[in-house]
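Undergrad: Give the three-dimensional model of this entry:
(one chain, ligands or ions: 2)
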Amino acid sequence: MRSNRIAMKFSVSALALAVSLGAHAVTDEDILNDQATTDDVVTNGMGLNGQRFSPLSTLNSSNVENLQPVWAFAFGGEKMRGQESQPMIKDGVMYVTASYSRVYAVDAMTGEEIWQYDARLPDGIMPCCDVINRGVALYDDKVIFGTLDAKLVALNKDTGKVVWIKKVADYQAGYSITAAPIIVNGKLITGVSGGEFGIVGKVEAYDPNTGEILWTRPTVEGHMGYVYRDGEAVENGISGGQAGLTWPGDMWQTGGAAPWLGGTYDASTDTLFFGTGNPAPWNSHLRPGDNLFSSSRLAIDPNDGSIKWHFQTTPHDGWDYDGVNEVISFDYEDDGEMVRAAATADRNGFFYVLNRENGDFIRGFPFVDEISWASGLDEDGRPIYTEDGRPGNPAELSGEQAGSVVARPAFLGGKNWMPMAYSQDTGLFYVPSNEWSMDIWNEAVSYKQGAAYLGAGFTIKPANEDFIGVLRAMDPRTGEEVWRYENTAPLWGGVMTTAGNLVFTGTPEGYLKAFDARTGEELYRFNTGSGVVGTPVTWEMNGEQYVSVASGWGGAVPLWGGEVARVVKDFNQGGMVWTFKLPSDRVASN
Ligand code: CA
Ligand code: CA
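TA: Numbers count the residues shown, from 1 in each chain. Ligands and ions are numbered 1, 2, ... in the order given. Next comes the predicted model:
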């Protein structure tokens with residue numbers, strides 16, 4: 001009798017648990033509405049369009065000075081290095097990734113760990129630019145992320161146990177995954193990294209429930225795309241253009257163009273936006289031509305992976321400017337007409353406003369103080385190259401570093417991976433940028449699988465004595481810089497803006513900072529103990545507004561930064577996620 005009752009009790013609570021889990025699964029609707037729902041963050045970008053704008057205003061420019069940390073969670077272990085993750089929040093649980101392909105589920109109220117998953121990585125992984133990870137996707141009862149050995153891993157959101165693992169590409173050929181995948185209408189979409197190793201970039205869709213591939217879209221012209229049915233590539237694949245049009249010989253077979261930063265999605269046009277990295281190798285004299293679709297933005301149909309349009313920011317890229325930076329959809333009024341636009345701030349120093357329905361160039365302007373390699377953009381948005389702006393051809397020169405030029409921005413970019421934010425209130429983009437130049441020269445190189453494929457040497461230098469980083473408020477209608485904040489070290493963290501008239505970002509010096517969105521006045525700073533190169537998020541729980549950010553210095557700057565590395569050499573590594581809110585008696589304070 002007694003044991004029966006216990007058994008009965010157990011099954012009832014198990015049923016209640018199952019029901020509650022089902023009710024709290026992440027749905028396509030949750031993902032599509034993410035920007036408007038303030039009690040969760042279920043997309044990378046705080047909305048699929050990537051605006052990173054929260055409608056919350058409980059925390060605002062009048063009370064942010066009272067913001068206080070409520071908990072900090074350590075990723076632990078001996079593994080530190082760069083922490084570039086954007087946390088996700090669902091039903092009071094935070095899902096956050098860390099360096100070396102680790103994932104954590106943490107109680108968002110207390111900071112207590114629920115589970116941890118460490119990918120078992122092989123010795124031979126080849127990340128170009130630190131062992132970072134930028135975050136997870138959430139779908140149904142799964143937490144899905146990409147690993148440094150180029151796999152997708154789906155975990156159960158309650159237990160952290162593996163549901164499926166899928167190999168996306170061969171890490172021994174130089175592929176890896178560092179971006180957060182995104183979910184669009186039941187499809188899991190990912191890119192790959194590896195442009196410095198002569199891989200062939202690709203964007204792919206998978207079934208998030210099973211890991212089965214649905215379509216593949218190579219991003220180098222000449223390679224065929226395919227839709228898969230029951231695991232088989234459908235014969236009449238989707239063309240990616242003709243081989244040999246914009247590449248010489250067989251260079252397209254190792255052409256790079258890695259879409260390594262992941263993508264965004266615009267529901268109004270049902271379009272994915274992915275950027276692509278440098279053509280391989282860096283030595284542009286080995287590959288005369290535009291080298292499509294490298295250093296471009298691609299508009300991709302999420303149903304079959306076909307390319308709707310492309311816009312190439314740096315044709316025949318000879319500076320590793322890549323073209324991966326995020327494309328943010330936004331609408332604005334021009335002469336009483338609503339313009340469906342998309343904006344992107346390129347490594348090459350230009351900010352572009354495009355028509356997101358067809359890729360037409362609307363306008364472009366520099367968002368950095370100086371650009372050396374191009375004198376401007378023509379009416380189609382194509383750069384006007386300066387004479388002697390391109391590093392010379394080593395086949396025609398002799399001597400060490402022959403043909404070296406000073407190029408500005410440096411290859412780490414006027415802006416690198418760190419996402420900007422767009423405020424629907426101010427109509428401004430908040431762009432984390434850097435002022436630096438480089439000496440760059442070309443060298444002979446030939447392709448060898450799994451080896452660096454650059455054919456270039458370089459040294460990065462700060463452009464000014466007292467600052468490298470500049471957080472800028474840019475008006476996309478005029479190109480005007482409305483305000484700027486200058487930072488000693490290069491900025492490498494993402495930006496978030498809110499309806500509370502606030503802009504948040506982090507600095508390598510360790511600070512989480514908040515600025516007045518209209519004036520740029522610094523209103524808040526808190527030192528997290530290590531450099532902040534993650535991206536902040538905000539959400540609401542029990543009527544209170546929370547802010548979280550990952551802390552842990554690293555990323556590409558200390559590895560590749562040349563003379564800039566000297567500015568940052570004393571910054572300590574770390575690995576934590578910090579969470580803040582207002583003390584309850586200060587919410588209404590002015
Ligand atoms: Ca939300
Ligand atoms: Ca690159």
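
Undergrad: Let's check: the centremost residue of the protein is which one?
TA: residue 261 (4.4 Å; C-alpha atoms, centre = their mean).

Undergrad: That residue and residue 323 touch, don't they?
TA: No: assessed by C-beta atoms under 8 Å, residue 261 is found out of contact with residue 323, at 9.9 Å. For the C-beta atoms, the positions are set from N, CA and C on the backbone; glycine is no exception.

Undergrad: list residues touching both of those two?
TA: With contacts defined as C-beta atoms under 8 Å, 6 or more residues apart in numbering, the residues shared by residue 261 and residue 323 are residue 275.

Undergrad: burial of residue 202, as a residue count?
TA: Burial of residue 202 is recorded as 25 neighbouring residues (other C-beta atoms under 10 Å).

Undergrad: related to what we said a few turns ago, which pLDDT does the model give the residue nearest to the centre of the chain?
TA: What the model reports for residue 261 is a pLDDT of 98.

Undergrad: For it, which residues are in contact?
TA: Residue 261 makes contact with 134, 179, 191, 275, 324-326, 417 under the criterion C-beta under 8 Å, 6+ apart.

Undergrad: ok, for it, nearest residue in space, not its chain neighbours?
TA: In space, residue 261 comes closest to residue 324 once its chain neighbours are excluded; the distance is 4.2 Å by C-beta to C-beta, 6 or more residues apart in numbering.

Undergrad: repeat for residue 251
TA: For residue 251, ignoring the flanking residues on the chain, the nearest one in space by C-beta to C-beta, 6+ apart is residue 287 at 4.7 Å.

Undergrad: Next, find the distance separating residue 403 from residue 128.
TA: 24 Å (C-beta to C-beta, to the nearest Å).

Undergrad: got the residues of the stretch 251-400 of the chain near ligand 2?
TA: Neighbours of ligand 2 within the stretch 251-400 of the chain, by C-beta under 5 Å from the ion: 277-278, 320, 322.

Undergrad: Apply 8 Å and report the result again.
TA: 256, 258, 260, 277-278, 282, 320, 322 (C-beta under 8 Å from the ion).

Undergrad: Determine which two of those are furthest apart.
TA: Using C-beta to C-beta, those span at most 15.3 Å, a distance reached by 260 and 282.

Undergrad: Report the buried residues of stretch 419-433.
TA: For stretch 419-433, burial by neighbour count (16 or more other C-beta atoms under 10 Å) applies to 419-423, 426, 428-433.

Undergrad: Now for the residue of the chain found nearest ligand 2, how many residues are close by?
TA: Closest residue of the chain to ligand 2, C-beta to the ion: residue 278 (4.0 Å). Using other C-beta under 10 Å, residue 278 has 29 neighbouring residues.

Undergrad: Isn't it up against residue 296?
TA: No: in this structure, residue 278 is not within contact of residue 296 by C-beta under 8 Å, at 10.8 Å.

Undergrad: joint contacts of these two?
TA: Jointly contacting residue 278 and residue 296 under the rule C-beta under 8 Å, 6+ apart are residue 257.

Undergrad: returning to that earlier point: let me know the closest of the contacts of residue 261 to residue 172.
TA: residue 191 (19.0 Å).

Undergrad: Mind pulling up the pLDDT for the closest one?
TA: For residue 191, pLDDT reads 98.

Undergrad: Residue 429 contacts residue 478, correct?
TA: No: in this structure, residue 429 is not within contact of residue 478 by C-beta under 8 Å, at 11.9 Å.
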